[in-house]
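Engineer: Need coordinates for the below:
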Amino acid sequence: MSKKIFDIIPPEKVEKDKKPAVKTFKEKISEQEVVEEIKEKAKTIAVGEKIKKKGFKVGLAIVPLLLISLIFLAFQTSKAEIEIWPKTELITFETKLTIDVNADEIDLSYKIIPAYVLESKKTLYEEFDSTGKILKKAEGAIRLYNEYSTKSETWLKGTRFVSSEGKLFKSKDRIIVPGAELKDGKLVPRYVDVNVIAAEAGENYNIEPTHFSIYVFRGTPRYTKFYGESLKSMTGGGDSFQVTEQDLELAEQALVKKTKSASENDLKSNILEGQIFLEDILETEVLEKFSLTKAGDEAEKFSFKVKTESKTLLFEKKDIENYVRRLVSLQYSSNKLLYKESLKIDYTPQTIDFDAGKVMLDLNISVEIYSDISLNMLKKELMGKSLAGIKVFLENQPEIKEVKVEFWPFWVRSVPKDIEKININYSFINSSI
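Structural biologist: Just a heads-up that it's a prediction; the model follows:
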């Protein structure tokens, strides 16, 4: 019998060809887990459905409660905002008024209100340039020697000295010439210092130290026995500044204007809020003005001083407003209010007496007036009215020009019956006099 090559099938092939007839223990466990997971998901879905249904039922129960709460809240917080613009009437009139520093309060019968004095003083110093020019003469000193005699002599003011360069100078004062001293039979000269000024103006007389002779002694024995010398240069000759009359006048005008402005500005800076100041009731006077320099003085610059005083009479804005209000109340109904922002007054001073502290004024007044309204009474009339009812009621009031009504919350359609929930803004009421 012939033998087969393979008597036994290799294990690997057998494994490949076999089909398992029974599942392993591990496979069974995995399948069971899948089933359990599906069951759990099914339970979760079922519970979720139950919760949704229950939540829906709860939601249906809560909605009415929310609506009731909102209605209650709206009732508690509802309010009406009403703004009213009154009808106004423009009135104008003229009157007279005296402001008086001696008055303590408004006196309507005499048309007087209190006034207050306000003062300010200022002193200014300022330096100005001189515009005048002169040609100045050179000056200096000459030492005059006497070698002529032992007798002293007196020479006149204006004695002429001639320099070795031919420049002529004159003595500024009378000269007492001392006599020479006699020693051992010889004359020893003595001297005196003489102040001199050049005969002519100009820089060419500013000469260096030199020798001088006495002009009047020319051709005589005295000419060589009286002589002089300058120990220092002559100086001061040439152009020089000089203060003119016009310089002083212009300086005064400029500084007076500047000082007046300074005192007036200082006064105005001290006016308090609520005080009325009128430019026409402002007086500024010059208390002092002077310069130590005079016209003709030689100076490149000079100083000027001015002192001024400004004064005015002030009065209180509240006093004039009260005065106008009282005047209006005498001519119109007592329940009329004055709209402060519309008040215009033109003041014209007639007499000003600072010494007495009084000013009489003419007043031209214009102001808007309107009727006062009892807001509490009006609120009672409006309680419970609809929007249309409010407008009809208010627009039929002769003292009312225009109204604006707003309810809150937006669905509210009538004025609350609680007076505390009604807010009325009567325009101008906070700006009345």
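Engineer: Please make it C-alpha for all contacts and neighbour counts, starting now.
Structural biologist: Noted.
Engineer: tell me the contacts of Ile134?
Structural biologist: With contact taken as CA atoms under 8 Å, 6 or more residues apart in numbering, Ile134 is in contact with 239-242.
Engineer: what's next to stretch 237-250, contact-wise?
Structural biologist: For stretch 237-250, the surrounding residues in contact (CA under 8 Å, 6+ apart) are 129-139, 201-206, 291, 293-302.
Engineer: Okay, buried residues for it please.
Structural biologist: Residues 237-238, 241-244, 247-248 are the ones in stretch 237-250 that count as buried (16 or more other CA atoms under 10 Å).
Engineer: for the nearest residue to Gly202 once chain neighbours are set aside, which residues make a bridge with it?
Structural biologist: Using CA to CA, 6 or more residues apart in numbering and skipping residues adjacent in sequence, the residue nearest Gly202 is Gly238, 4.2 Å away. Judged by DSSP bridges, the bridge partners of Gly238 are Lys136.
Engineer: I'd like to know how far Gly238 sits from Glu298.
Structural biologist: Computed as CA to CA, to the nearest Å, the Gly238 to Glu298 distance reads 12 Å.
Engineer: Look at Leu90 and say how many residues are nearby.
Structural biologist: Taking other CA atoms under 10 Å as the neighbour definition, Leu90 ends up with a count of 13.
Engineer: Once you drop chain neighbours, what's closest to it?
Structural biologist: In space, Leu90 is closest to Glu368, 4.3 Å off (CA to CA, 6+ apart).
Engineer: Flag every buried residue along the helix or strand hosting the one you found.
Structural biologist: With secondary structure defined by DSSP states H and E, Glu368 is part of strand 358-371. For strand 358-371, burial by neighbour count (16+ other CA under 10 Å) applies to 358-363, 365-371.
Engineer: now the helices for the chain?
Structural biologist: Counting by DSSP state H, the chain has helices at residues 11-17, 25-77, 222-225, 245-269, 317-331, 375-382, 387-395.
Engineer: Next, the buried residues of the shortest one.
Structural biologist: Buried positions in helix 222-225, judged by neighbour count with 16+ other CA under 10 Å: 222, 225.
Engineer: And stretch 269-278, by the same measure?
Structural biologist: By 16+ other CA under 10 Å, the buried positions in stretch 269-278 come out as Phe277.
Engineer: mean confidence for that stretch?
Structural biologist: Stretch 269-278 shows a mean pLDDT of 96.
Engineer: before we move on, what about stretch 207-225?
Structural biologist: The average pLDDT within stretch 207-225 is 95.
Engineer: Okay, now that stretch: how far is its last residue from its first?
Structural biologist: Using CA to CA, the end-to-end distance of stretch 207-225 comes out at 24 Å.
Engineer: Identify all contacting residues around that stretch.
Structural biologist: Stretch 207-225 is contacted from outside by 142, 145-148, 159-164, 226-235, using CA under 8 Å, 6+ apart.
Engineer: List the buried residues in it.
Structural biologist: The neighbour-count check on stretch 207-225 (16+ other CA under 10 Å) flags 207, 209-214, 222, 225 as buried.
Engineer: farthest-separated two in those?
Structural biologist: The largest separation in the buried residues of stretch 207-225, counting by CA to CA, is between Ile207 and Arg222 at 25.3 Å.
Engineer: Can you report how many residues neighbour Thr348?
Structural biologist: Neighbours of Thr348 (other CA under 10 Å): 15.
Engineer: thinking again about what came up before, any idea how far the residue nearest to Gly202 is from Ser130?
Structural biologist: 17 Å.
Engineer: Now do stretch 175-190, average pLDDT.
Structural biologist: Stretch 175-190 shows a mean pLDDT of 93.
Engineer: Between the two ends of it, what distance do you get?
Structural biologist: So stretch 175-190: terminal residues 14 Å apart, CA to CA.
Engineer: Show residues contacting it.
Structural biologist: Residues from elsewhere that reach stretch 175-190 (CA under 8 Å, 6+ apart): 144-157, 191-192, 194.
Engineer: With adjacent residues omitted, what lies nearest to Thr123?
Structural biologist: Closest to Thr123 by CA to CA, 6+ apart is Lys307, at 4.2 Å.
Engineer: confidence score at the one you found?
Structural biologist: Lys307 is given a pLDDT of 98.
Engineer: same thing with Phe407?
Structural biologist: 89.
Engineer: List the beta-bridge partners for the spatially closest residue to it that is not a sequence neighbour.
Structural biologist: With CA to CA, 6+ apart as the measure, Ala80 is the residue that lies nearest to Phe407, at 4.7 Å, once sequence neighbours are left out. For Ala80, the beta-bridge partners under DSSP bridges are Phe407, Ile422.
Engineer: mind starting the numbering at 502 from now?
Structural biologist: From this message on, residue numbering opens at 502, which makes the last subject Ala581.
Engineer: From Tyr617, how far out is the most centrally placed residue in the chain?
Structural biologist: By CA atoms, centre = their mean, the mean C-alpha position of the chain lies nearest to Ser770, the distance being 9.4 Å. As judged by CA to CA, Ser770 and Tyr617 stand 15 Å apart.
Engineer: With Ser665 instead?
Structural biologist: 79 Å.
Engineer: Ok, Ser887 next?
Structural biologist: Remark: distance between Ser887 and Tyr617 (CA to CA) = 56 Å.
Engineer: Now stretch 846-859: average pLDDT?
Structural biologist: Per-residue scores along stretch 846-859 average to 96.
Engineer: Output that stretch as CSV, nothing but the C-alphas.
Structural biologist: This file holds the C-alpha atoms of stretch 846-859, laid out as CSV (Å, rounded to 0.1, in the frame of the first residue of the first chain):
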residue,chain,number,x,y,z
ILE,A,846,-34.2,144.6,34.3
ASP,A,847,-32.6,147.6,32.7
TYR,A,848,-31.0,149.9,35.3
THR,A,849,-30.4,153.6,34.6
PRO,A,850,-28.8,155.6,37.4
GLN,A,851,-30.3,159.0,37.9
THR,A,852,-28.3,160.3,40.9
ILE,A,853,-25.2,158.9,42.5
ASP,A,854,-24.0,160.1,45.9
PHE,A,855,-21.1,158.1,47.2
ASP,A,856,-20.7,160.4,50.2
ALA,A,857,-24.3,159.7,51.3
GLY,A,858,-24.1,156.0,50.1
LYS,A,859,-27.2,156.4,47.9
